[in-house]
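Q: predicted model and sequence below, questions to follow.
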Amino acid sequence: MKSVIAEDLVKTYRNGAVRALDHLSLDVEEGTVLSVLGPNGAGKTTCVRILATLLKPDSGRAMVGGIDVIKHPEKVREVIGLSGQYAAVDEILTGWDNLVMFGQLYHLGKKASIARAEELLERFSLTDSAKRPIKTYSGGMRRRLDLAASLIVKPKVLFLDEPTTGLDPRGRQEMWSVIEELVKGGVTLLLTTQYLEEADQLADEIAVIDHGKVIARGTSDVLKKQVGGERLEIVVESQNIAKTMEVIATVSGNKASLDEGLRMISAPVSTGATALIETLRSLDAAGIHPLDVGLKRPSLDDVFLSLTGHAAEEKVEEPEVTGRRKKAKK
Amino acid sequence: MSAFKDTMIITQRQLRLLTRVPEVLIFSTVQPVMFVLLFRYVFGGSISTDQPGGYVQLLMPGIFVQTVAFTLAGTASGLAEDMKKGLIDRFRSLPISQSALVLGRTLGDSLLNIVVLAVMGIAGFMVGWRPTSGLLNVVIGFVFLLLFGYALSWVGIFVGLSASDARVVQNVSFIITFPLTFLSNAFAPTTGMPRALQYFAEWNPVSTMVAGCRSLFGLENQFGATAGSFPSENPLLTSFLYMIIIMAIFIPLSVRKYKRSSD
């Protein structure tokens, strides 16, 4: 069962001069996470706004939770939760005020609204700051509260538009674990992001979009395979470079390339870890002790680059992500 | 029914904002009270009038009308601020009556006006304002003022929805309200103005409101221009017609604008 279906969505601005969506189609299987990945201006937010009934497409069809978004937006609103790019909560009111107000707007009644607000504050570790105005919250806390507000009535389908944009690494980690927990609870999630790392971490499936079109789609692994297999990377001292290149070329059967600055030799390999072990044995036999070794799977940056011919993020800083190997591709 | 409830919740939110940031309430009352004192003591001495009880009797209706006219700016900038922060998107993604948001805001701003008018009335009383027409007429006068503020808050909704930036909204609102309140009979006789402006002042809704309130508070409309014209003979009726016209234009315009924002 598909919880979200978008077919041939077209949306233009300024009388067609700007084409935000260009026959975009995608769908999300019930209970799964689809990440819509693309750079700024690719059409991610427009897509979410249409699915969340905030915007009407010029043409195309969209269904959310089995309901036609264009014909019955009011019914769609009953089954969705939306958390936007900017934390859309009332800054002056407290976290508690906000959640109770939204609960009432969902027609929960005062008592149930308060109970639900307290439950959500607890769950998102915001109980201590519940009675403080939102403007005193950190970026991460705001996003968590915004997310809480979109979960008041346990939506069937949740839209998160760039949930971690602008957060520091810690805020991002916190947000990720909150989202991962939600996903375990079985919600259908459509998440947009410009962070490749984030799509990789959270999504079952990724739709890469560029210029308003889906240009590739599949699991993270499938997308990575489109770009090619793994690369063996070895760093050695200068005097060993020549010999090491020879060894790697022999083992991998491919031409090894050298990054002189890093003294890193690399080559694509098809046998993964086996190739790594073989290489290390040969180097050991030759008396060479590598400074660093690694088997690198292609990053989604590589995927994006090979799909679009341009880097995913020209202007936006790639977030630093602790505990994961990351290479800046600019 | 649920549309009504939704509206009330939005109105409650407006009021809660006031309790969370009492400064808003304090400054929305300090400003008009300051005007009362400034006009009463700075201009009061130099504007000659044979009004029993002095200039302050004529001044108070003028300041009341000016204050409710500024509702326009408050409504507009509040709405623009909500739009900028994405709060409107959140409301629009909820299964609530889509009109509740703007309706609730106009009502909330009217409730704020009640408080502001009450404080001003007390301040006026302390500096010598004494309406002579009896309690009932004074109450009717205040109801009239609130209605005028309510009508203008729909202009504010339209301005707030149209503008792209909250600061622009503030400026636009003042450009609308300042000439309206000063090119009128609110503070000084219009007879000193150039002829063209006199006509404008005569037909200006602010003038008809001020004249209407003066009559309800038991005063002659001393600052009015040409006697015998329709607005100066029928200030209350004219004001009422203006309110209906304003709402008949700006409610549909605002609703359309609000719906259009999803195109």
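A: Good, I have the coordinates.

Q: any weak-confidence spans in chain B?
A: In the predicted model, chain B carries pLDDT under 70 at residues B:1, B:224-227.

Q: show residues contacting the one helix or strand residue A:103 maps to.
A: Using DSSP states H and E, residue A:103 sits in helix A:95-105. Judged by CB atoms under 8 Å, 6 or more residues apart in numbering or on different chains, the contacts made with helix A:95-105 from elsewhere in the structure are A:89-90, A:93, A:110, A:112-114, A:116-118, A:120-121, A:126, A:129-132, A:134, A:137, A:145, A:148-149, A:152, B:6, B:9, B:12-13, B:16, B:20, B:90-91, B:94, B:96. Every C-beta, even on glycine, is put in place using the N, C-alpha and C of the backbone.

Q: next, count neighbours for the nearest residue to residue B:66 once chain neighbours are set aside.
A: Residue nearest to residue B:66 in three dimensions, not counting chain neighbours: residue B:181, with 4.4 Å by CB to CB, 6 or more residues apart in numbering or on different chains. Burial measure for residue B:181: 21 neighbouring residues, criterion other CB atoms under 10 Å in any protein chain shown.

Q: buried ones in the helix or strand containing residue B:181?
A: Here residue B:181 is covered by helix B:166-182, with elements defined by DSSP H and E. Along helix B:166-182, these residues count as buried under the neighbour rule (16 or more other CB atoms under 10 Å in any protein chain shown): B:166, B:169, B:170, B:172, B:173, B:176, B:177, B:180, B:181.

Q: buried residues in the very next helix or strand once past it?
A: Following the chain from helix B:166-182 toward its C-terminal end, the next helix or strand by DSSP H and E is helix B:195-203. By neighbour count, and taking 16+ other CB under 10 Å as the criterion, the buried residues in helix B:195-203 are B:198, B:200, B:201, B:202, B:203.

Q: for the fourth one, give its distance to residue B:141.
A: Read that as residue B:202. As for residue B:202, its distance to residue B:141 is 21 Å (criterion: CB to CB, to the nearest Å).

Q: how about the last one?
A: Between residue B:203 and residue B:141 the distance is 21 Å, computed by CB to CB.

Q: same question, the third one
A: Residue B:201 sits at a distance of 21 Å from residue B:141 (criterion: CB to CB).

Q: one more: residue A:121?
A: With distances defined as CB to CB, the gap from residue A:121 to residue B:141 amounts to 47 Å.

Q: more crowded one of these two?
A: residue B:141 (24 against 21).

Q: doesn't residue A:89 belong to a strand?
A: No: counting by DSSP: H, G, I helix; E, B strand; the rest coil, residue A:89 falls outside a strand, being coil.

Q: measure how buried it is and give me the count.
A: Using other CB under 10 Å, residue A:89 has 26 other residues around it.

Q: same thing with residue A:8?
A: A count of neighbours around residue A:8, defined by other CB under 10 Å, yields 14.

Q: near residue A:287, how many other residues are there?
A: A count of nearby residues for residue A:287, using other CB under 10 Å, gives 8.

Q: phi, psi for it please.
A: Geometry field for residue A:287 lists phi and psi as phi 80, psi 20, criterion degrees, to the nearest 10.

Q: need the contact list for it.
A: With CB under 8 Å, 6+ apart, residue A:287 has no contacts at all.

Q: distance check, it against residue A:294.
A: Distance of residue A:287 to residue A:294, computed by CB to CB: 21 Å.

Q: I'd like the distance between residue B:217 and residue B:204.
A: Distance from residue B:217 to residue B:204, counting by CB to CB: 19 Å.

Q: name the helix or strand for the nearest residue to residue B:33 once chain neighbours are set aside, please.
A: In this structure, residue B:33 finds its nearest non-sequential neighbour in residue B:123, 4.5 Å apart by CB to CB, 6+ apart. Secondary structure here is read from DSSP H and E; on that basis residue B:123 sits in helix B:100-126.

Q: buried ones in that helix?
A: Neighbour-count burial for helix B:100-126 flags B:100-110, B:112-113, B:116-117, B:119-121, B:123-124 (criterion: 16+ other CB under 10 Å).

Q: residue A:29 pairs with what?
A: Applying DSSP bridges to residue A:29 gives these bridge partners: residue A:2.

Q: next one: residue A:35
A: With DSSP bridges applied, the residues forming beta bridges to residue A:35 are residue A:191, residue A:206.

Q: does it touch residue A:207 like I think?
A: Yes: here residue A:35 lies in contact with residue A:207, judged by CB atoms under 8 Å, at a distance of 7.3 Å.

Q: what are the ranges of the helices in the stretch 1-150 of chain A?
A: Here the stretch 1-150 of chain A has its helices, by DSSP state H, counting those that start in this stretch, at A:44-51, A:73-76, A:95-105, A:110-123, A:139-150.

Q: what would the ones you listed look like in TSV with distance to residue A:254 and mean pLDDT?
A: Converted to TSV, the helices of the stretch 1-150 of chain A look like this (distance: least, CB to CB, whole Å; pLDDT from 0 to 100):
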stretch	distance to residue A:254	mean pLDDT
helix A:44-51	37	93
helix A:73-76	52	93
helix A:95-105	56	94
helix A:110-123	51	95
helix A:139-150	44	90
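
Q: got the residues of chain B near chain A?
A: B:2, B:5-6, B:9, B:12-13, B:16-17, B:20-21, B:85-87, B:89-96, B:262-263 (CB under 8 Å from any CB of the partner chain).

Q: how about a cut-off of 7 Å?
A: Counting by CB under 7 Å from any CB of the partner chain, the residues of chain B close to chain A are B:2, B:6, B:9, B:13, B:16-17, B:20-21, B:85-87, B:89-90, B:92-96, B:262-263.

Q: quick one, helices of chain B?
A: If DSSP state H is used as the criterion, the helices of chain B fall at B:2-20, B:22-38, B:55-69, B:71-84, B:87-92, B:100-126, B:135-162, B:166-182, B:195-203, B:205-216, B:230-233, B:235-260.

Q: no further queries at this time; thank you.
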